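Colleague: Structure for the following, please:
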Amino acid sequence: MKTIYLDNNATTQVAPEVLEEMLPYLRDFYGNPSSMHTFGGQLHRKVEEARAKVAHLIGAEPEEIIFTSSGTESDNTAIMSAVESFPQKRHIITTRVEHPAVLNFCKHLARRGYRITFLTVNSKGQLNIDELLKAIDDNTALVTIMYANNEVGNIFPISEIGNVLKERRILFHTDAVQVVGKIPIDTKKLPVEMLSLSGHKVHAPKGVGVLYVRKGTRFYPYVIGGHQERGRRAGTENVASIIGLGKACEIAAKNITQESLSLSHLRDKLEKALMHKCPDVRINGDVTSRLPNTTNLSFEYVEGEAILLRLNEYGVCASSGSACTSGSLEPSHVLRAMGVPFTAIHGSIRFSLSRYNSEAEVDRVIEIMPDIIKSLRQLSPFGREKLGESVTSP
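Modeller: Alright, predicted model coming up:
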């Protein structure tokens, strides 16, 4: 049975070109790029070439790119750098719908005495800029707001927020892990001081990430040790994965516009068909401003975990939310913040596509989903009541 992988916001397939680019540096060229001898030192040039490719994708300068181990490390580093840079300021502003890498780190700081403002969202997952303005005070060290939400795909008004914060001289970090490679980013125009991205979301391997730090921004390292990354992130570089990330960014830069159109076509086809064929379905999020590859649908009166198990029997991979929280029985914190009704919140499914998905795969999901939902509703007291059946019938 062929796997139909529609969980690309959790992780992506390593592109064949990326793997090919990496293999020599896993097999033959295994030296340390900090070594003085030629065998190791030659790798320094390859790391810098990769740095330039990453920088090009987001409109940055190579020296503004710091390689890390993940998007989570990049997020944590950005927040801690702001805290260390302004030790007299004890206030951070974020949102209720952030990725756990930001949300839980801010909660960790709250336990250490920092004051955290968690901005709310409306029923479409949209932020209220006025609420942000009211939260800012002289004690605010950092505002950290994701560029796009990993669960529902909402794209937040980062430029508008950044311009407001720039006037008030407040550091601004954005978690752009879900955005990089899907929609264009130009940090020369984007008013942020720090931006996070992750390799395994752009068809590079797991275990490599990036923190962009605008030139001139006060910065304190989070991982302390050697001189690597110009003293901003210690630890021997993950050379093969860095080279792979560079190649992935090079591919993304060439294809971003066409891929965006192709993915939004497939997403819309899937979404419209399921809305038509499955009664009592709602779209979660802002359909006017979202990632081209993401749709989050709530199938009322059924459990999302049951849907995923049925899909899995057909070889279809999807998600009920963030991969970092999918092991929890608690409903999505994002959908709870949006006020999604009880009858729908537990039946939410996220489909997230990539360049490796085909129209035939989408057609297959459209074919099997109506029967899956109907059969599960027949097993649910709420669903059977909705279908007009007696809830006491066998």
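Colleague: give me every residue that touches Met1.
Modeller: By C-beta atoms under 8 Å, 6 or more residues apart in numbering, Met1 lies in contact with Tyr314, Gly315. C-beta coordinates here come from the backbone N, C-alpha and C atoms, glycine included.
Colleague: What pLDDT does the model give it?
Modeller: Listed pLDDT for Met1 reads 84.
Colleague: For stretch 136-154, buried residues please.
Modeller: For stretch 136-154, the neighbour count (16 or more other C-beta atoms under 10 Å) marks 136, 140-154 as buried.
Colleague: And the closest residue in space to Ile183 that isn't next to it in sequence, what's its pLDDT?
Modeller: Among residues not flanking Ile183 along the chain, Ser260 sits closest, at 6.3 Å (C-beta to C-beta, 6 or more residues apart in numbering). pLDDT for Ser260: 97.
Colleague: Distance check, Ser260 against Leu266.
Modeller: Ser260 sits 11 Å away from Leu266, taking C-beta to C-beta, to the nearest Å as the criterion.
Colleague: try Tyr301
Modeller: As defined by C-beta to C-beta, Tyr301 lies at a distance of 27 Å from Leu266.
Colleague: Hmm, Asp75 is touching Leu103, no?
Modeller: No - counting by C-beta atoms under 8 Å, Asp75 does not reach Leu103; the two are 9.7 Å apart.
Colleague: Neighbour count for these two, which is higher?
Modeller: More crowded of Asp75 and Leu103, by other C-beta atoms under 10 Å: Asp75, with 31 against 23.
Colleague: out of everything not next to it in sequence, what's closest to the more buried one?
Modeller: Nearest non-adjacent residue to Asp75, counting by C-beta to C-beta, 6+ apart: Ala101, 4.2 Å away.
Colleague: Repeat that for Thr3.
Modeller: Residue nearest to Thr3 in three dimensions, not counting chain neighbours: Gly315, with 4.9 Å by C-beta to C-beta, 6+ apart.
Colleague: Over to Lys89?
Modeller: Excluding the flanking residues, the one nearest Lys89 by C-beta to C-beta, 6+ apart is Ala141, at 3.7 Å.
Colleague: Also Ser320?
Modeller: For Ser320, ignoring the flanking residues on the chain, the nearest one in space by C-beta to C-beta, 6+ apart is Gly304 at 4.0 Å.
Colleague: Roughly how far does Asn293 sit from Asn357?
Modeller: 9 Å.
Colleague: now do Thr11
Modeller: 14 Å.
Colleague: quick one, which of these two is more surrounded?
Modeller: Neighbour comparison, Thr11 and Asn357: the larger count goes to Asn357, with 22 against 16 (by other C-beta under 10 Å).
Colleague: List the buried residues in the helix or strand encompassing Lys374.
Modeller: Under the criterion of DSSP states H and E, Lys374 resides in helix 359-379. For helix 359-379, burial by neighbour count (16+ other C-beta under 10 Å) applies to Glu361, Val362, Arg364, Val365, Ile366, Met369, Ile372, Ile373, Leu376, Arg377.
Colleague: got a list of what the first one touches?
Modeller: With contact set as C-beta under 8 Å, 6+ apart, Glu361 has these partners: Ile4, Leu6.
Colleague: Number the chain from 31, please
Modeller: Yep, numbering from 31; the last one is Glu391 now.
Colleague: what's the distance between it and Ile286?
Modeller: Per C-beta to C-beta, Glu391 is found 22 Å from Ile286.
Colleague: for stretch 140-147, how far is the first residue from the last?
Modeller: Terminal residues of stretch 140-147 lie 10 Å apart, using C-alpha to C-alpha, to the nearest Å.
Colleague: What is the burial count for the residue lying closest to Leu172 once chain neighbours are set aside?
Modeller: Of all residues not flanking Leu172 in the chain, Ala112 sits nearest, at 3.7 Å (C-beta to C-beta, 6+ apart). If you count neighbours by other C-beta under 10 Å, Ala112 ends up with 26.
Colleague: Isn't Ala112 up against Thr170?
Modeller: No - between Ala112 and Thr170 there is no contact under C-beta under 8 Å: 9.8 Å.
Colleague: what is in contact with these two at once?
Modeller: Residues touching both Ala112 and Thr170 (C-beta under 8 Å, 6+ apart) are Ile122.
Colleague: if we can go back for a sec, the residue nearest to Thr33: neighbour count?
Modeller: Gly345 has 13 neighbouring residues, counting by other C-beta under 10 Å.
Colleague: do Gln288 as well
Modeller: Residues lying near Gln288 (other C-beta under 10 Å) number 10.
Colleague: now the one 3 residues further on
Modeller: Around Leu291 there are 10 other residues, counting by other C-beta under 10 Å.
Colleague: for the one 3 residues further on, same thing?
Modeller: Other residues near Ser294 number 17, with proximity taken as other C-beta under 10 Å.
Colleague: what's the distance between it and Val317?
Modeller: Distance from Ser294 to Val317, counting by C-beta to C-beta: 11 Å.
Colleague: what does stretch 241-255 rub up against?
Modeller: With contact meaning C-beta under 8 Å, 6+ apart, stretch 241-255 is reached by 88, 90-91, 93-96, 98, 103-104, 106-108, 110-111, 114-115, 201, 217, 222-227, 261-265.
Colleague: buried set for it?
Modeller: In stretch 241-255, counting by 16+ other C-beta under 10 Å, buried: Leu241, Tyr242, Val243, Arg244, Thr247, Phe249, Pro251, Tyr252, Val253.
Colleague: Now that stretch: average pLDDT?
Modeller: Stretch 241-255 shows a mean pLDDT of 97.
Colleague: Skipping adjacent residues, who's closest to Glu335 in space?
Modeller: The shortest distance from Glu335 to any non-neighbouring residue, by C-beta to C-beta, 6+ apart, is to Ser350 (6.4 Å).
Colleague: what's near enough to touch the one you found?
Modeller: Each residue near Ser350 by C-beta under 8 Å, 6+ apart is listed here: Gly334, Glu335, Ile337, Leu338, Ser356, Ser362, Ser378, Ile379, Arg380.
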